[in-house]
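Enquirer: sequence first, then the predicted structure, then my questions.
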Amino acid sequence: MNRLLALLLTVHLGLDTRLRRARSERGSVTIENVLWAVAVIVFVGIVVAAIKAYVTSQAGNIK
């Protein structure tokens, strides 16, 4: 009976530890998504600025 109780307690503590770890790492996915979104926004801003600069310079060459 003591072995069964020890086994059940071990399984319970193992699962509890995994659940706590999963809860503590839950926010890291959100932060990663926010960082990717910021990176994409910055990249798109750089591309738009480069296209705008090119178009403006080419428009200045029109006679």
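Expert: Received the coordinates, thanks.
Enquirer: what's the local residue count around residue 36?
Expert: By other Cβ atoms under 10 Å, the residues close to residue 36 number 10. C-beta here means a position set from N, CA and C on the backbone, and glycine is covered the same way.
Enquirer: element containing it, please.
Expert: helix 26-60 (DSSP states H and E).
Enquirer: what does residue 4 give?
Expert: Counting by DSSP H and E, residue 4 is found in helix 2-24.
Enquirer: how about the secondary structure of residue 62?
Expert: coil (DSSP: H, G, I helix; E, B strand; the rest coil).
Enquirer: roughly how far apart are it and residue 34?
Expert: Residue 62 sits 43 Å away from residue 34, going by Cβ to Cβ, to the nearest Å.
Enquirer: low-confidence ranges, this structure, go.
Expert: Residue ranges of the chain with pLDDT under 70: 1-2, 7-9, 11-13, 15-28.
Enquirer: what about 90?
Expert: Of all residues in the chain, those with pLDDT under 90 make up the ranges 1-36, 60-63.
Enquirer: number of nearby residues for residue 59?
Expert: Residue 59 has 8 nearby residues by other Cβ under 10 Å.
Enquirer: report the separation between it and residue 49.
Expert: 16 Å.
Enquirer: now do residue 39
Expert: Distance check for residue 39 against residue 49: by Cβ to Cβ, it reads 16 Å.
Enquirer: before we move on, back to that, tell me what the helix holding residue 36 is packed against?
Expert: Helices and strands touching helix 26-60, by 3 or more Cβ pairs under 8 Å, 6 or more residues apart in numbering; DSSP states H and E: there are none.
Enquirer: now it: buried residues?
Expert: Of the residues in helix 26-60, none count as buried by neighbour count, 16 or more other Cβ atoms under 10 Å.
Enquirer: and residue 35, how far is that from residue 29?
Expert: 11 Å.
Enquirer: an error on my part: the question was meant for residue 41.
Expert: Counting by Cβ to Cβ, the gap from residue 41 to residue 29 is 19 Å.
Enquirer: check residue 14 too.
Expert: Applying Cβ to Cβ to residue 14 and residue 29 gives a distance of 23 Å.
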